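> test case, fold it:
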Amino acid sequence: MKRSNTQRFSGICAGFLLSMLAAAPVFALETVEPGSLTIAFSGDMPGTGYQDGRMVGYDGEIIQQISESLGLKIKPALMEW
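Presented below is the predicted three-dimensional model:
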């Protein structure tokens, strides 16, 4: 079976992508306190808050999901505006 130029190009791109992913460096995440993600917020904005040991609000929920994905605990730091 003869391959079209599009199929060849797709194969080359897939091979290039796989080689780039294999060569990607593994990085270490450095936080202020090992194992914790320190989140500073004012408590005045509805998008970010801390309640019952979890971040709440539309931004807070995203931060919570990121910290869980990274395997880090949230350490809230309430600050003035």
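> so where's the protein uncertain?
1-3, 7-11, 13-28 (pLDDT under 70).
> how close does the residue nearest the centre of it sit to Asp44?
Centroid check for the chain by Cα atoms, centre = their mean gives Ile66 as the closest residue, at 4.9 Å. Noted for Ile66: a distance of 22 Å to Asp44, by Cβ to Cβ, to the nearest Å. For every residue, glycine as well, the C-beta is placed using N, CA and C.
> where's the residue nearest to the centre of the chain, which helix or strand?
In this assignment (DSSP states H and E), Ile66 forms part of helix 58-70.
> other SSEs contacting that helix?
Judged by 3 or more Cβ pairs under 8 Å, 6 or more residues apart in numbering; DSSP states H and E, helix 58-70 is in contact with strand 36-41, strand 54-56, strand 73-78.
> need the winner for burial among these.
strand 54-56 (a mean of 18; mean count of other Cβ atoms under 10 Å).
> what lines up beside that strand in the sheet?
strand 49-51 (antiparallel) (DSSP bridges).
> what does the strand it pairs with contact?
Contacts to strand 49-51, defined as Cβ atoms under 8 Å, 6 or more residues apart in numbering, come from residues Ile39, Phe41, Gly43, Met55, Val56, Gly57, Gly60, Ile74, Pro76, Leu78.
> that one: how far from the chain's middle?
Relative to its chain's centre, strand 49-51 lies at 20 Å (Cα atoms, centre = their mean, to the nearest Å).
> how about it: buried residues?
Using 16 or more other Cβ atoms under 10 Å as the test for burial, strand 49-51 gives Gly49, Tyr50.
> residues in contact with the residue nearest to the centre of the chain?
Applying Cβ under 8 Å, 6+ apart, the residues near Ile66 are Leu37.
> any idea how far it lies from Met45?
Distance from Ile66 to Met45, by Cβ to Cβ: 18 Å.
> all good on my end, thank you.
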